[in-house]
Structures are given as structure tokens and as C-alpha cells.
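[1] quick one, what's the 3D model for this:
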Amino acid sequence: MVTVAIVAVLAAIAAPSFLPVIERWRMRQAAEALQSTIYFARSEAIKRGGGVTIDASGGWDQGWKVVHKTNDLQVVTAPSKTVLAQSNSRTMLYVDRWGMVSETDGGVATAMNFLVHPTDKEDSANAIRLCVATGGRILQKAAGAACPS
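    Predicted structure coming up:
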């Protein structure tokens, strides 16, 4: 009984120190899920000759799907307790046949960024900025860092 009590006390002391680690993993998971979705959409658009859309019509923090014409190619559910926000508040991204991502259908490729942070903690040290360049390169940076132009 004494051993069990000691283990319980040590576990109660150690548990709060794991919360930042779990939060950091959750933010990283959300950022990497979005990054891999953009790469997937680009490769599908090149393969299919364009017409691929990344649709987050419910909001980025509700999940998104990759669509070609009317067929869902991939559906992603966003991790819980995570907020994803696109810099221009767009919920649809379009990928042309060259794999260039734009914010309007048939539009010019535009650089954009996403902020991934814990719910109710926009200034968290674990927040991540995902920078998407016009050429398709994606960088993960600290939330306070600026994306390269």
C-alpha cells in the first residue's frame, strides 16, 4: 500500500509537466496534417490536370477535404483543442494543373500562411505559423516569426 501511495503521489506531481509536451505535439500534428494535405492536393492536381480544391468550408479548425470536381480524394479531421486560421480568412484553396495554390479559382498563385495554436491560447509558445510560398514550398515557423516574402 505504501508503494502504491508513493507512486500515486509521484504521478500526481509529474502529470502537469506533461501538458506542455502534449500541447506541442497536438500543434505539430495539426500543422503537419495541413502541410501533407497541401502536398497531396498539389500532386493530385498535377496528376489530374488541375481542378483540385482544398475545402474547409466549416472552418480550418473543423477539418478539411481535398476534392477533385465532385469526388472527395481525402478527408481530414482537425485535432481537438486546436485552432487553425488562414491569414486571409479563406476556407477554399484551389490548385491548378501546375500544382500552384491560389485563393481564388483560376487565380494567380499567392503566398499565404496559417496560424496553428491551442484553443484560447493564441500567444502560446507552442503555436506554429505555416508559411506557404507561391512556388509551393511550405515552412513551419514559430508563431511570432514572419513568413519570407
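[2] after the helix or strand containing residue 8, which helix or strand is next?
    Assigned by DSSP states H and E, residue 8 belongs to helix 2-48. Sequence-wise, the next helix or strand downstream of helix 2-48 (DSSP H and E) is strand 52-55.
[3] direction included, what does that next one pair against?
    When pairing is defined by DSSP bridges, strand 52-55 lines up against strand 64-68 (antiparallel), strand 92-95 (antiparallel).
[4] out of the ones you listed, flag the one nearest residue 117.
    Checking these against residue 117 by CB to CB gives strand 64-68 as the closest, at 17.1 Å. C-betas here are computed from N, CA, C, even on glycine.
[5] before we move on, the earlier item: mean confidence (pLDDT) on the helix holding residue 8, please.
    Averaging pLDDT along helix 2-48 yields 87.
[6] contacts for stretch 9-22?
    Contact partners of stretch 9-22, identified using CB atoms under 8 Å, 6 or more residues apart in numbering, comprise 125, 126.
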